[in-house]
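Student: requesting a structural model of the entry that follows:
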Amino acid sequence: MKCGEVRKSTRAGKKVMKKVCKGGKSKMVHAGDSSMRHNYSDKARKNFKARHKCSTAKAGTARHLACNTLWKKGGSKKTTGKGKRK
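Tutor: Take a look at the predicted model:
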């Protein structure tokens, strides 16, 4: 996997993963709860970004990955309900 590449996560319970390379070292960062449904409306996006302080998220962290991959502006608009799956 190349540095900076985002893929579907191989870790149980996570949505996405990214290989982060910095200072000659690399690590895998996983983000997103796979049991949560898809609700990326403008209102949900705004609330998520405020709650997780996306403006201060440092590169190479799960918070940064979630803010800039799953909750990016112009992302998916489809909704399938609220909360966790039953």
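
Student: spell out the secondary structure type for the residue positioned nearest the centre of the chain.
Tutor: Nearest residue to the geometric centre of the chain (Cα atoms, centre = their mean): Ala66, 2.2 Å. Secondary structure, DSSP: H, G, I helix; E, B strand; the rest coil: Ala66 is helix.

Student: ok, and the closest non-adjacent residue to it?
Tutor: Nearest non-adjacent residue to Ala66, counting by Cβ to Cβ, 6 or more residues apart in numbering: Ala31, 4.2 Å away. In short, each C-beta sits where N, CA and C put it, glycine included.

Student: now do the buried residues in the strand or helix carrying that neighbour.
Tutor: Ala31 is part of strand 25-33, with elements assigned from DSSP states H and E. Within strand 25-33, the residues that count as buried by 16 or more other Cβ atoms under 10 Å are 29-32.

Student: which other helices and strands contact it?
Tutor: Packed against strand 25-33 by the contact rule (3 or more Cβ pairs under 8 Å, 6 or more residues apart in numbering; DSSP states H and E) you find strand 14-22, helix 62-65.

Student: buried ones in the shortest one?
Tutor: When you say that, I think you mean helix 62-65. Buried residues in helix 62-65, counted by 16+ other Cβ under 10 Å: 62, 64-65.

Student: quick one on the thing from earlier: isn't the residue nearest to Ala66 right up against Leu70?
Tutor: Yes: between Ala31 and Leu70 a contact is recorded at 6.8 Å, counting by Cβ atoms under 8 Å.
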